[in-house]
Structure formats: C-alpha cells, structure tokens
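Novice: Test case, fold it:
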Amino acid sequence: MKNIAIVCGGFSGEYQISIQSANMVKTHLDSSKYNSYIIVIEKGQWYYEDGEANKHIINKDDFSLMLNNQTIKFDGVFNAIHGTPGEDGKLLGYFDMLNIPYTSCDMDTSALTFNKYLCNNFVQSIGINVANSFSFLAGESINKDEVINSLGLPIFIKPARSGSSVGIAKVSKVEDFDAAIEKAFITDNRILIEEFIDGREMACGMFLKNDKLVVLPLTEIISKNDFFDYEAKYTNGMADEVSPPVNLGTEQEIDIKALSSLLYNKLDCRGIVRVDYILTNNELYFIEINTVPGLSPASIVPKQAEAMGIPIGELFNTVVENMFP
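Specialist: Numbering: from 1, shown residues only. A predicted model of the protein is given here:
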C-alpha cells in the first residue's frame with residue numbers, strides 16, 4: 001500500500017478550512033489502497049498528530065515521519081492547503097526537489113494563478129474578459145479621485161495574493177476607500193482595485209480522470225451578504241449555492257464550461273480546480289481560479305460532484321491515482 005500525506009494548515013486565514021478539507025479527504029480516501037496521514041504545516045513546525053494527541057515532527061530533509069520507531073516515507077501528497085504555502089507554489093517546489101508527486105497544479109501554475117494581478121493579465125491575453133482595474137504596490141501613491149472617476153463606485157479592493165476573500169472589501173462610499181486599502185495591504189504588498197460588475201456569480205469545477213478532463217455541473221452562488229465574503233462562504237445559511245443554476249441558457253452553460261476547459265489546459269492545471277465568473281448581459285467575466293478549492297462538506301466542488309452522481313471518495317481517489325500513472 002502507498003503512503004499518502006494529506007498536507008493541510010498553512011500560513012493564511014484559510015487554516016481552519018484547510019484542516020476541515022484534510023479531514024474530509026482522510027475520511028473518504030480508500031483505506032484498502034492507501035495509508036493516509038494528515039500532516040499539519042505551520043510556520044513553527046510540520047507534524048503528524050496521532051490518536052493520543054501526540055505530535056510527531058516531520059523530517060524536512062526528506063519529508064519523512066518517524067512513527068513507532070519506523071521511518072515512514074511518502075509516495076505522494078494530497079495537497080489540501082488553501083492559500084500559502086500550498087496554493088501559491090512554495091511548498092510544491094519543495095516536493096519537486098524531493099521528487100514526491102502531489103495532487104495539485106505545479107509550482108509555476110500555482111504561483112501564477114494565486115497572484116490575481118498576474119493571472120488577470122494572462123487570462124486577458126487569451127481573450128477572456130476581466131474587470132477593469134488598477135494595481136498598486138505598498139508605498140506607491142494612489143490617486144483616489146483618478147481611480148474612482150475611472151472605475152466608478154462600488155469597487156472591490158483586494159490583496160493580489162489571498163484566498164477565501166481574506167482582506168477583500170467592497171467599497172460603495174468614498175469615505176470607506178482608505179480603510180479598505182489599508183485592510184488589503186495587511187494581507188499582501190500588492191493590491192487590486194477592480195470595477196464592480198453586477199451579475200450572477202458562477203463556479204465551474206473540474207478534475208482530470210486519467211487524461212480526460214471531467215467538467216462538473218455549474219454552481220450559482222447567491223450570497224446573502226453584500227458579496228461572497230469569508231462569512232458567506234463558511235457560515236451555514238449565509239449563501240445559497242445552486243447546482244445546477246436555475247434559468248441558465250444552454251449556450252451560456254456551454255460557454256462557461258468551454259472557457260473553464262480552455263483555462264485548465266492553457267494553464268497546464270492538474271488535480272481539482274474551480275474557476276469563478278460573473279455572468280452579466282450575456283457577457284462572462286473571469287473572477288479567479290482556485291487550484292486548491294475547498295473540499296470540506298460545505299464546499300462547492302464536493303456538492304458539484306454529488307450533483308453529477310460522483311461519490312466524493314471517487315473524486316479523491318481519482319486525483320490520487322493520477323499521481324501514479
């Protein structure tokens with residue numbers, strides 16, 4: 001049997017969601033094929049916690065684990081870290097150097113897609129709509145009047161590198177502008193200021209099964225907050241997630257799935273990926289791509305798989321099997 005490390009935790013505001021995702025994977029991964037170990041990645045330590053709450057420290061020299069006087073080496077890694085260092089490529093470069101395969105996109109793709117500024121430029125270069133925006137580095141002068149006159153109100157102010165809407169604010173009044181800028185810079189040293197596009201939020205999940213791309217049913221996200229923020233994403237009852245969307249034309253559905261497939265291939269994605277859009281006046285605008293989307297019971301992709309009749313265990317086992325061609 002192969003030993004699989006399910007890495008989770010990380011260094012961002014998505015730490016707890018990542019732990020939930022890892023537990024979901026552990027529960028549903030085929031235990032007759034794989035010995036799986038939840039490995040928590042924190043800034044101070046990487047560890048495996050046994051059933052008696054004892055922490056066993058990971059040897060970072062070769063990513064091995066000493067357990068019951070035996071050294072456990074991992075055949076592969078299930079990446080369940082949302083945010084840094086699992087979704088931005090940092091940890092993946094480490095696994096590449098150790099020649100340990102993993103379930104998610106590689107280091108280059110992860111670094112590009114996690115940076116909203118760079119990713120938007122790439123997506124726009126292949127002809128896909130993105131919101132008009134400005135981008136600033138910490139310390140740069142921001143001409144508030146120029147930004148608002150160009151983009152109008154409301155606007156979104158967000159860190160270039162963050163997940164789960166951490167650090168994002170929707171600004172509808174001029175007097176809220178400066179506080180939102182300050183909030184975004186807490187998370188990252190580059191921020192984006194984007195125009196607001198009023199429309200329906202759509203999510204498209206995908207994964208590879210052998211060499212075939214499986215596109216899951218679409219989900220419409222209807223937030224009960226002002227937008228799909230952290231609270232709406234992870235608090236029961238704060239958002240309706242409808243799979244498949246009601247009153248969505250066949251042509252629109254095909255367009256969303258085709259664009260998502262194009263992005264998956266152009267970006268050389270691997271594993272489970274979710275792309276989010278705003279659909280307005282029959283125009284589709286790219287929001288972001290999640291290369292390690294949430295896998296907890298409350299997350300979108302597991303619900304999409306269920307809507308397609310794919311058991312969640314089959315989804316997880318498939319992406320693990322893809323590591324071992």
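
Novice: For residue 114, see how far away the residue nearest to residue 106 when sequence neighbours are not counted is.
Specialist: The shortest distance from residue 106 to any non-neighbouring residue, by CB to CB, 6 or more residues apart in numbering, is to residue 92 (6.1 Å). Heads up, the C-betas are built off the backbone N, CA and C, glycines and all. For residue 92, the distance to residue 114 (CB to CB, to the nearest Å) stands at 11 Å.

Novice: do residue 15 as well
Specialist: Distance, residue 15 to residue 114, by CB to CB: 16 Å.

Novice: More neighbours: which of the two?
Specialist: Legend: neighbour count by other CB atoms under 10 Å for residue 15 and residue 114, higher for residue 114 (26 against 17).

Novice: Which phi and psi values does the more buried one adopt?
Specialist: Main-chain dihedrals, residue 114, degrees, to the nearest 10: phi -70, psi -20.

Novice: Just the pLDDT at it, thanks.
Specialist: Residue 114 carries a pLDDT value of 96.

Novice: where exactly do the strands run in the stretch 51-200 of the chain?
Specialist: 55-59, 64-67, 70-73, 76-79, 129-130, 133-137, 155-159, 169-171, 190-195, 200-209 (DSSP state E, counting those that start in this stretch).

Novice: gap between the last one and the chain center?
Specialist: In other words, strand 200-209. 11 Å (CA atoms, centre = their mean, to the nearest Å).

Novice: which residues of this protein score low on pLDDT?
Specialist: 163-165, 225-238 (pLDDT under 70).

Novice: For the residue sitting nearest the centre point of it, list each beta-bridge partner.
Specialist: Centroid-nearest residue in the chain, with CA atoms, centre = their mean: residue 290, separated by 3.1 Å. With DSSP bridges as the criterion, residue 290 is bridged to residue 274.

Novice: Roughly how far does it sit from residue 284?
Specialist: 17 Å.

Novice: so who does the residue nearest to the centre of the chain touch?
Specialist: 82, 87, 163, 273-276 (CB atoms under 8 Å, 6 or more residues apart in numbering).

Novice: go with 10 Å
Specialist: Contacts for residue 290 (CB atoms under 10 Å, 6 or more residues apart in numbering) come out as 82, 87, 113-114, 163-164, 203, 205, 272-276, 300-301.

Novice: in the sheet, who's paired with the nearest residue to residue 151 once chain neighbours are set aside?
Specialist: When the adjacent residues along the chain are set aside, residue 151 lies closest to residue 195, with 4.3 Å between them (CB to CB, 6+ apart). Taking DSSP bridges as the rule, residue 195 bridges to residue 155.
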